[in-house]
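Visitor: give me a model of this one.
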Amino acid sequence: MNIHFIAIGGSAMHNLAIALQSKGYFITGSDDAIHEPSKSRLATKNLLPETFGWFPEKITSTIDAVILGMHAKPDNIELLKAQELGLKIYSYPEFLYEQSKNKTRVVIGGSHGKTSITAMILHVMHYLDLEVDYMVGAQLDGFDTMVHLTKDNEFMVLEGDEYLSSPIDRRPKFHLYKPNIALLSGIAWDHINVFPTFENYVAQFKIFVDSVTAGGIMVYNNEDAIVKDVVESSTNSIKKYPYQTPEYSIKNGVTYIATADGKLPLEIFGKHNLQNLAGAKWICQHIGVDEDDFYEAIVSFKGASKRLEKIAETKTTVIFKDFAHSPSKVIATTKAVKAQFSERTVIACLELHTYSSLNADFLSEYQKALDAADVAVVFYSPDAVAIKQLKTISESQIKEAFNREDLQVFTNPKAFSDYLFSLNLDNAALLLMSSGNYGGLDFEKLCSSI
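Guide: Alright, predicted model coming up:
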């Protein structure tokens, strides 16, 4: 097949392009800007466009399928040409379904935890030399790409994102996979630019549960009241398997999980990660992994990239980077670090970077989100607010929203960087939470300074 990618430079898109090339497909693509690491990875595979931009002459009747990325706009000139020619146009999730419709599809959904759970499952499979196809939202140790597709593997493990499928397909991605086995980790309002009310957001997860194939399996976190209600009220003819936080303890900065064979030390920590582990265990068992084999494999799991990722450590200091940005993730991550390092000063820094987090109407959702930290800091860029065409937000609004008088607020990247480098980090745990980079913070220099 000849496949053309419109917006090939995206994190998910370039991984799919590489995976399809490895499967033997002929791949071309376009984009108006491609950043690292996508740029280098595409270049290595000879898939980097010679010139950035959109070129309708690339779209011809010899193309078997076009895959449309979210970065493109509905009036993209390549898309318009493809529509004019009547070519088959797929969204990213639509094409993944086409690649896996004859396999057993395992879909991990939820507002939070889905990348970590998917990563845990894949780590166990890799450790046990069990081959599965997959798509995951972060780069994992031991895996060359975030997407892997074959003709022969029986299972396809998919991270099920609730965001939109493409500029011309407004359905959430995870509605399109039709899972045989699914997991729902948690529901906490997010993406308010697409789902303007909490009720509308929850409705997407109800559709997800009802999309599980008849006779299929739904594994769900029954400690989340909304998840519990959504799953248990569904009339879909599926088998339902609840999970909850397993028994665990913390000693000398190490988390131990209780098993039938005694306590096992883990590389990961935090109640939310222990919940994720419980869900991953259920999924692995449904795929055919023995419980003992699961525990043997999971003790070496260090976490997905940017998910409580330890980026520096000395005897007295530890620095973590985390992708957390929505209120529920910020609360869980901050609590996890404080519980793990209860004797240390926990300094939690949050960048408000996404559309939801910078929305003045959504800010109140962050109330008490940083309360577990000893020192709480928020950074945001007024330029990012302007670019997203949102209402201006002030320092006083942020302090009121977080309901914390001693909250420190920065809007200038240099001032924030200077503040971090001025800190005494002896006997401290520094937590940097962001889906951005704090306006260009030099993480490497910060890590080497401790």
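
Visitor: identify the residue nearest residue 385 in space, chain neighbours excluded?
Guide: residue 358 (5.2 Å; C-beta to C-beta, 6 or more residues apart in numbering). Placement of C-beta: from N, CA and C, glycine included.

Visitor: in the helix or strand of the chain with the lowest mean pLDDT, which residues are buried?
Guide: Of all helical and strand segments in the chain, the minimum by mean pLDDT, DSSP states H and E falls on helix 382-387, at a mean of 81. Within helix 382-387, the residues scored as buried using 16 or more other C-beta atoms under 10 Å are 384, 385.

Visitor: that one: what's the following helix or strand?
Guide: helix 395-402 (DSSP states H and E).

Visitor: just to revisit the earlier point, list the contacts of the residue nearest to residue 385.
Guide: By C-beta atoms under 8 Å, 6 or more residues apart in numbering, the contact set of residue 358 is 352, 380, 384, 385, 388, 390, 393.

Visitor: what's near enough to touch residue 238?
Guide: Contacts of residue 238 by C-beta under 8 Å, 6+ apart are 209, 212, 213, 214, 215, 216, 217, 218.

Visitor: what pLDDT does it get?
Guide: What the model reports for residue 238 is a pLDDT of 98.

Visitor: over to residue 437?
Guide: 88.

Visitor: Three-state assignment for the closest residue to residue 139 other than its chain neighbours, please.
Guide: With sequence-adjacent residues excluded and distances taken as C-beta to C-beta, 6+ apart, residue 139 is closest to residue 305, at 4.9 Å. Following DSSP: H, G, I helix; E, B strand; the rest coil, the label given to residue 305 is coil.

Visitor: in contact with residue 445, which residues?
Guide: Residue 445 neighbours (C-beta under 8 Å, 6+ apart): none.

Visitor: doesn't it belong to a helix?
Guide: Yes. Under three-state DSSP, residue 445 sits within a helix.

Visitor: before we move on, back to that, from the contacts of residue 238, list the buried ones, please.
Guide: 209, 212, 213, 216, 217, 218.

Visitor: got a pLDDT number for the last one?
Guide: Read that as residue 218. In this prediction, residue 218 has a pLDDT value of 98.

Visitor: so it is in which element?
Guide: strand 217-221.

Visitor: mind listing what's buried along whichever helix or strand comes after that strand?
Guide: Heading C-terminal from strand 217-221, the first helix or strand you meet, by DSSP H and E, is helix 225-232. Of the residues in helix 225-232, 226, 227, 228, 230, 231 count as buried by neighbour count, 16+ other C-beta under 10 Å.

Visitor: and which of these is nearest residue 278?
Guide: residue 227 (13.2 Å; C-beta to C-beta).

Visitor: contacting residues around the nearest residue to residue 442 once chain neighbours are set aside?
Guide: Nearest residue to residue 442, sequence neighbours excluded (C-beta to C-beta, 6+ apart): residue 417, at 7.2 Å. Counting by C-beta under 8 Å, 6+ apart, residue 417 touches 438, 441, 442.

Visitor: and residue 417, that one's in a helix?
Guide: Yes. Going by three-state DSSP, the assignment for residue 417 places it inside a helix.

Visitor: any idea how far it is from residue 322?
Guide: As for residue 417, its distance to residue 322 is 18 Å (criterion: C-beta to C-beta, to the nearest Å).

Visitor: cool, and residue 208?
Guide: 25 Å.

Visitor: of the contacts of residue 358 - the most surrounded one?
Guide: residue 352 (25 neighbours; other C-beta atoms under 10 Å).

Visitor: can you tell me the closest non-neighbouring residue to that residue?
Guide: Closest to residue 352 by C-beta to C-beta, 6+ apart is residue 380, at 4.0 Å.

Visitor: my guess is residue 12 meets residue 138, correct?
Guide: No. The criterion here is C-beta atoms under 8 Å, and residue 12 misses it with residue 138 at 10.8 Å.

Visitor: need the residues touching each of these two.
Guide: residue 146.

Visitor: which ones are touching the nearest residue to residue 365 once chain neighbours are set aside?
Guide: What sits nearest to residue 365 in space, not counting adjacent residues and going by C-beta to C-beta, 6+ apart, is residue 327, at 4.6 Å. Counting by C-beta under 8 Å, 6+ apart, residue 327 touches 188, 365, 366, 369.

Visitor: these two touch, right, residue 385 and residue 398?
Guide: No. Checked against C-beta under 8 Å, the pair residue 385 and residue 398 is beyond contact range at 11.5 Å.

Visitor: can you show me the strands along the stretch 201-350 of the chain?
Guide: Assigned strands in the stretch 201-350 of the chain, in chain order: 217-221, 239-243, 248-251, 254-259, 262-266, 309-313, 317-322, 345-352 (criterion: DSSP state E, counting those that start in this stretch).

Visitor: what about the fourth one, distance to the chain center?
Guide: Meaning strand 254-259. Relative to the chain's own centre, strand 254-259 is displaced by 25 Å; criterion: C-alpha atoms, centre = their mean, to the nearest Å.

Visitor: the second one too?
Guide: Taking C-alpha atoms, centre = their mean, one finds the center of strand 239-243 at 23 Å from the center of the full chain.

Visitor: which ones are touching residue 173?
Guide: Residue 173 neighbours (C-beta under 8 Å, 6+ apart): 91, 92, 93, 160, 161, 162, 163, 164, 165.

Visitor: repeat the analysis, applying 7 Å as the threshold.
Guide: With contact taken as C-beta atoms under 7 Å, 6 or more residues apart in numbering, residue 173 is in contact with 93, 160, 161, 163, 165.

Visitor: can you tell me how far the last one sits from residue 181?
Guide: Think residue 165. On the measure of C-beta to C-beta, residue 165 and residue 181 end up 21 Å apart.

Visitor: just want the angle from the one helix or strand residue 125 maps to to strand 217-221.
Guide: Using DSSP H and E, residue 125 sits within helix 114-127. If you take axes from the mean of the first three to the mean of the last three C-alpha atoms, to 10 degrees, helix 114-127 sits at 120 degrees to strand 217-221.

Visitor: model confidence over helix 114-127, on average?
Guide: The model assigns helix 114-127 a mean pLDDT of 95.

Visitor: tell me where the stretch 1-150 of the chain has helices.
Guide: With DSSP state H, counting those that start in this stretch, the ranges of helices along the stretch 1-150 of the chain come out as 11-22, 38-44, 77-85, 92-100, 114-127.

Visitor: ok so, going back, ok now the least confident helix or strand of the chain, how far from the chain's centre?
Guide: 24 Å.

Visitor: tell me how far the most centrally placed residue in the chain lies from residue 273.
Guide: Among the residues of the chain, residue 115 comes closest to the average C-alpha position under C-alpha atoms, centre = their mean, at 4.6 Å. Residue 115 sits 12 Å away from residue 273, going by C-beta to C-beta.

Visitor: so where is the protein shaky, pLDDT-wise?
Guide: Under the criterion pLDDT under 70, no range of the chain is flagged.
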